[in-house]
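Asks: The sequence and its predicted three-dimensional model are supplied below.
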Amino acid sequence: MTLAIPTLDTARLRLRPFSDADAEPLFAMHSSAYVMRYWDAPPWTDRARAKRFIELCRKRADSGTDARVAIDRTSDGAFVGWCGLIDWDPDFRSASLGYCLDEKMWGHGYATEAAHALLGWAFDTLDLNRVQAETDTRNEASARVLEKIGFAREGTLRENCIVNGDVSDSWVYGLLRREWRPSRG
């Protein structure tokens, strides 16, 4: 079952399917050690990795498991980052939320705005009952994003990730359909 990737507009952003032109800004973002410091994978070192990421997004949408979208700022078309729902399970009516933004775009509320828009689509179109998210316990900004849009912290995964020898814990967040507030964000 193919998962149709939406194009969504918010007050300041456009969420859209990835294009091949996104490879360069994706690589720039994911190759930054600072941007990737809380991720469960090291920074990218190979430019081809960005093209493989875009192709993987398309394949996973075709297989019906993921809906990842590029985020652009509508005022100037600048690439902001990406947001996605992964591991969609139509039987359990659940998925996981993830996002990554370019460092220049931090602190403007774009992650909150984009995630809120994608969640609205997910609850309305995919009829989800639960969305889960994880963040490194050191990533206070990501935790704030999740809490602003209504996620509740449900627990801690101890020593969940080891990247380049750095051991870290992750917080698990959940948002249930009955807790969803479309006006947030």
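Replies: Thanks, I have the structure now.
Asks: hey, where'd the helices end up in the chain?
Replies: 23-30, 48-63, 110-125, 140-148 (DSSP state H).
Asks: Got phi/psi on Arg47?
Replies: In terms of degrees, to the nearest 10, the main-chain angles of Arg47 are phi -60, psi -30.
Asks: number of nearby residues for it?
Replies: Using other C-beta atoms under 10 Å, Arg47 has 13 neighbouring residues. C-beta here means a position set from N, CA and C on the backbone, and glycine is covered the same way.
Asks: what residues are up against it?
Replies: The contact partners of Arg47, by C-beta atoms under 8 Å, 6 or more residues apart in numbering, come to Ala23, Phe27.
Asks: Then Ile5?
Replies: For Ile5, the contacting residues are Arg16, Pro17, Ala61, Ala67, Arg68, Val69, by C-beta under 8 Å, 6+ apart.
Asks: In this structure the first one contacts Thr74, no?
Replies: No - Arg16 lies out of contact with Thr74 (C-beta atoms under 8 Å); the separation is 10.8 Å.
Asks: These two: who's more crowded?
Replies: Counted by other C-beta under 10 Å, Arg16 and Thr74 do not tie: Arg16 has more neighbours, with 16 against 12.
Asks: Quick check: closest non-adjacent residue to the more buried one.
Replies: Thr7 (4.6 Å; C-beta to C-beta, 6 or more residues apart in numbering).
Asks: What about that neighbour? Give its phi and psi, please.
Replies: Backbone torsions of Thr7, given as degrees, to the nearest 10, read phi -110, psi 120.
Asks: So it versus Leu126, what's the distance?
Replies: Relative to Leu126, Thr7 is positioned 16 Å away (C-beta to C-beta, to the nearest Å).
Asks: of these two, who's got more company?
Replies: Leu126 (17 against 10).
Asks: residues contacting the more buried one?
Replies: Leu85, Trp88, Pro90, Arg93, Ala95.
Asks: Next: Phe79.
Replies: Going by C-beta under 8 Å, 6+ apart, the list of residues near Phe79 reads Asp22, Pro25, Leu26, Ala70, Ile71, Asp72, Asp102.
Asks: go with 10 Å
Replies: By C-beta atoms under 10 Å, 6 or more residues apart in numbering, the residues touching Phe79 are 21-22, 24-26, 28-29, 70-73, 101-102, 104-105.
Asks: buried subset of the residues you listed?
Replies: By neighbour count, with 16 or more other C-beta atoms under 10 Å, those hold Asp22, Pro25, Leu26, Ala28, Met29, Ala70, Ile71, Asp72, Leu101, Asp102, Met105 as buried.
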